[in-house]
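Novice: Build me a model from this:
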Amino acid sequence: MGHLDHAAFGWLTPALSYVMACTGAALGLRCTVRALAATGRARRHWLVTAASAIGTGIWTMHFVAMLGFRVSGTDIRYDVPLTVLSLLVAMAVVCAGVFAVGYSRDRNRALLLGGLTTGLGVASMHYLGMAAVRLHGHVGYDPVLVGVSVLIAVLAATVALWAGLNITSPSAVTVAALAMGAAVSSMHYTGMFAVSVRVVPSGDPLPGATAMQFIFPLAVGLGSYLFITSAFVALSPTADEREASASAQRPVGTAAR
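Specialist: This is a model prediction of the structure:
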């Protein structure tokens, strides 16, 4: 059995991955709040931004954490198409859950279905990402811990969608984002603790790209997207602010009538 190290760089990768998860969650919640206050095309655009932020945050959290993953006795490579597919899955399932909640008339039902769909999608993203790992050996999983990680993913997704519907104040969004970041990180490391590796020494070159060749640049790019989008959302006026501005610009006589 190869020795697994989930934090080869110490607390750097767990802490940074948690920050990315919280950033994506906070941005997604703020965009969902904006979407529910908007109509038509504006609502759709805000929901797409919310889904991309949450999906990007979850994926970036996973692979930033994977930068610290090491197995003694073997190098590690990543299958590029599968890794990209895991990102697309994350965004697609989060988008489905967010849109279900954003447009459904029966929001309780949409919350349950959206939370289940999104949670299973997040778990699929995680295990697709793990399927992209290439090493000299065989990877196995503890089924109990896998089940626990999927349950955490479903609960975290349901709570995230509920928060998007019910939490509006910036301070409450911050607290919710911190909790969601912790839940996503817990799901990841629970899934990682389910992993075991039986190393088979070999001198053959491994296919795929190293983490620093592919995952690190992509994670930096997606992380930059999160922070730039966060700045845009923070600076864009809310529906109440736009209404107040429009009212202030109306002539006094028009406002009186």
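Novice: Who are the packing partners of the host helix or strand of residue 220?
Specialist: Using DSSP states H and E, residue 220 sits in helix 216-235. Judged by 3 or more Cβ pairs under 8 Å, 6 or more residues apart in numbering; DSSP states H and E, helix 216-235 is in contact with helix 12-36, helix 40-66. Placement of C-beta: from N, CA and C, glycine included.
Novice: Now do the shortest one: distance to the chain's middle.
Specialist: Spelled out, it's helix 12-36. 7 Å (Cα atoms, centre = their mean, to the nearest Å).
Novice: ok so, going back, out of the helices and strands packed on helix 216-235, flag the one nearest residue 166.
Specialist: helix 12-36 (9.9 Å; Cβ to Cβ).
Novice: buried stuff in the closest one?
Specialist: 13-14, 16-36 (16 or more other Cβ atoms under 10 Å).
Novice: Also stretch 123-132?
Specialist: Those would be 123, 124, 125, 126, 127, 128, 129, 130, 132, for stretch 123-132 by 16+ other Cβ under 10 Å.
Novice: In helices only, show me the residues you listed.
Specialist: Per DSSP state H, helices hold the following members of the buried residues of stretch 123-132: 123, 124, 125, 126, 127, 128, 129, 130.
Novice: And the nearest residue to residue 193 once chain neighbours are set aside, how far from residue 151?
Specialist: Closest residue to residue 193 apart from its sequence neighbours, by Cβ to Cβ, 6 or more residues apart in numbering: residue 145 at 5.8 Å. Applying Cβ to Cβ, to the nearest Å, one obtains 11 Å for the distance of residue 145 from residue 151.
Novice: now swap in residue 20 and tell me
Specialist: Taking Cβ to Cβ, one finds residue 20 at 23 Å from residue 151.
Novice: what do you get for residue 71?
Specialist: 26 Å.
Novice: which of these two has more neighbours?
Specialist: Shown here are residue 71 and residue 151; by other Cβ atoms under 10 Å, residue 71 has more neighbours (20 against 14).
Novice: for the more buried one, what are its contacts?
Specialist: Shown in contact with residue 71 (Cβ atoms under 8 Å, 6 or more residues apart in numbering): 2, 3, 4, 5, 135, 137, 197, 199.
Novice: ok, the residue lying closest to it once chain neighbours are set aside - how many residues close by?
Specialist: Once flanking residues are discounted, residue 71 sits nearest to residue 2: 4.4 Å by Cβ to Cβ, 6+ apart. With neighbours defined by other Cβ under 10 Å, the count for residue 2 comes to 19.
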